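Undergrad: next comes the sequence, and after it the predicted model I'd like to discuss.
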Amino acid sequence: MTRRLVVAALLAVTTVLVVASPAEAHAQLVTTNPRAGEQLNRAPEVITLEFSEPVEVSLGSIRVYNSRGDLVDAGEPTHPDGDESVVQLALPDLDDDGYVTTWRVLSADAHPVQGAFTFRIGDVAAGNLDSLAARLLTDQGGSTSVGALYGFTRFAVFASLALLIGGAAFAVLVWPGGRESRTVARVVWSAWGVLAVATVAGILLQGLYTAALPLGDIFDTDVIRDTLGTRFGKVWLARLGLLVLAIPLLRLLLSKRPRAEYPLPSWWAPASIVVGGALAFTPGLAGHASSGDLVPLAIPADAIHVAAMSLWLGGLVFLLAAVLPSRNLDDLRDAVPRYSELALWCIVALIVTGGFQSWRQVGSLDALRDTDYGRLLVIKLVAFAALLVMATFSREVVNRTFRRVPAPAPAAPVPVAAGGVALADAPPDAEAEVNEEPIDEASEARRLRWSVAVEVGIAVVILAVTALLVNAAPARDEQTGPFTTTLTGDGMNFDVIVSPAEIGRNDLHVTAVTPSGGPSEVINMDARLSLPSREIAPIKLSMRRLGPGHYVAPGADIPIAGDWQLEVGALVSQTDEVRATGSIPIK
């Protein structure tokens, strides 16, 4: 059974290493100045980006490239007037040309956000700037090895938190004999060490992950200093301080001395609740819970979720590793029913807080299917459901075997069975019908060990998926922001950007390109929007030329949500026209 658990753990770790990669989340770019695709008559003095929430630029960057891909020498990004949701970059004198601006900043939930936009100065043919922007973003995407190690670090943090908090609670609330158990002490102290190492590793990797730096820069003092100045760095550094405070508490708890002679002091419980509760808050304070809507509710809900997860899943490990192998039926009768009751309340807390967080991060059933975050959440929910099935099986064994109350000794006079026959005089088969069939507790304990082992294996998978979830952009964020697509015509394609792709005024950019991605000049361009599902006939948009092959319909009013049909036509000669159609989702 131990071998199976090791295999399950290795598979979970492998999943994190393979799937984890530098992710983009979770602040949204609201506006830019110059606007995306804008053609200017004179060079701008600064570039301004406004985001939906505060962002940090100490580990980020804003870079400007000309149409040849050469980096323009510019200043350092700043927050004008202290507004952390706005980032500004001073520019030198720019020549008439096309330019690509790439940006990478740190959002409030400690994840890097990146993107690019283009603009032109003067009426010049600057080639396919969109293709250049895509290539530059790819080159700045970060290290795959850093992303994999970062994902594994998150997995190690969740797993060690569960074992540390869950192990301490197990030895106090479930099995007081665990205070004298070498196995409990060994696992709890190992969890403390792993959590400390994973926290240090996370601080070192966060700077590389955010700034898209290679693994070789992991000990760069400037990067470490900038990381410690971020919200993430402060929260994870505080976790190290909490781990130091936990040392004397754990030494008192796991002293291996007779607990009857050395009871815990009266101050131990409140101090442990404060330290353990603070540790449970750290993932949310530097994660998804710290950004978006309802943050004052989301952060405590996340802490309750982490604490309940630790008590349930961490308790499972200690039940499997320390109590069930002892084959001491007295320990089983003492610990198993207590853990079963505690686990039931933890499951209730997980369902309530998990449901709230899922609604907050996903928002719709469509997002479960159409986003990476939603698909990962579905996997986690399926694994959680499987865990509940196994937990139900385990609870049934507990209720049948270890909650049994011994029957009281018969009192005089001797009970009389139906028909007035004393049980002492009753035939053997009649007595068998009255007495319950005895239960083999040792056999039931083996069944319980098997089911708990399966639960632990599923729990490892859940923690691995959770590590991937915290690296993924919430589904609400993935489904908002500009919509981009490419429409295919006869010998010509059209790159389309609709911003913000929501009800109301939208800017619709259309750029004509060759099938190979090169620029394609056209004489004129028109566009129409229709919504057949609501019987809305095609609406002609007013298109304005921004540059060679690039046209925009600024402030197009789209009043209804739905999948609108966009039809684009480009006049390539006095007699030839290329048309293409596609779907534009408006939320």
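TA: Yes, it's here.
Undergrad: which parts of the helix or strand containing residue 461 are buried?
TA: Following DSSP states H and E, one finds residue 461 within helix 441-469. Buried residues in helix 441-469, counted by 16 or more other CB atoms under 10 Å: 444-445, 447-469. From N, CA and C alone the C-beta is placed, and that goes for glycine too.
Undergrad: for it, packing partners?
TA: helix 2-19, helix 144-169, helix 315-318, helix 329-361, helix 372-401 (3 or more CB pairs under 8 Å, 6 or more residues apart in numbering; DSSP states H and E).
Undergrad: redo these as JSON lines? Include mean pLDDT, mean neighbour count and distance to residue 193.
TA: JSON lines is the format used below for those (pLDDT from 0 to 100; neighbours: other CB atoms under 10 Å; distance: least, CB to CB, whole Å):
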{"stretch": "helix 2-19", "mean pLDDT": "44", "mean neighbour count": "15", "distance to residue 193": "17"}
{"stretch": "helix 144-169", "mean pLDDT": "88", "mean neighbour count": "23", "distance to residue 193": "8"}
{"stretch": "helix 315-318", "mean pLDDT": "88", "mean neighbour count": "26", "distance to residue 193": "16"}
{"stretch": "helix 329-361", "mean pLDDT": "82", "mean neighbour count": "17", "distance to residue 193": "25"}
{"stretch": "helix 372-401", "mean pLDDT": "80", "mean neighbour count": "18", "distance to residue 193": "27"}
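Undergrad: quick one, which of those gets closest to residue 236.
TA: Nearest of the helices and strands packed on helix 441-469 to residue 236, taken as CB to CB: helix 144-169 at 8.9 Å.
Undergrad: pLDDT score assigned to the nearest residue to residue 523 once chain neighbours are set aside?
TA: The spatial neighbour of residue 523 that comes closest, neighbours along the chain excluded (CB to CB, 6 or more residues apart in numbering), is residue 571 at 4.5 Å. The score at residue 571 is 90. That number is its pLDDT.
Undergrad: quick one: contacts for residue 571?
TA: Going by CB atoms under 8 Å, 6 or more residues apart in numbering, residue 571 touches 522, 523, 524, 525, 577.
Undergrad: same question for residue 230.
TA: By CB under 8 Å, 6+ apart, residue 230 lies in contact with 56, 58, 59, 106, 110, 206, 210.
Undergrad: for residue 171, see how far away residue 265 is.
TA: Per CB to CB, to the nearest Å, residue 265 is found 15 Å from residue 171.
Undergrad: out of those two, which sits in the busier spot?
TA: The residue with more neighbours, out of residue 265 and residue 171, is residue 171; 24 against 9, by other CB atoms under 10 Å.
Undergrad: part of a strand, is residue 216?
TA: No: Residue 216 is assigned helix when assessed by DSSP: H, G, I helix; E, B strand; the rest coil, not a strand.
Undergrad: counting neighbours, what do you get for it?
TA: 9.
Undergrad: how close does it sit to residue 145?
TA: Computed as CB to CB, the residue 216 to residue 145 distance reads 10 Å.
Undergrad: and which of the contacts of residue 230 is nearest to residue 335?
TA: Nearest to residue 335 among the contacts of residue 230, counting by CB to CB, is residue 110 at 38.3 Å.
Undergrad: relative to residue 386, which of the contacts of residue 230 is nearest.
TA: For the contacts of residue 230, the nearest to residue 386 is residue 110 (30.5 Å; CB to CB).
Undergrad: got the domain boundaries for the chain?
TA: As given by automatic domain parsing, the domain ranges for the chain are 23-139, 144-404+439-477, 481-586.
Undergrad: which stretch in those domains has the least confidence?
TA: Looking at these, the weakest mean confidence is domain 23-139, a mean of 78.
Undergrad: that one: how far from the chain's middle?
TA: Distance of domain 23-139 from the chain centroid (CA atoms, centre = their mean, to the nearest Å) equals 27 Å.
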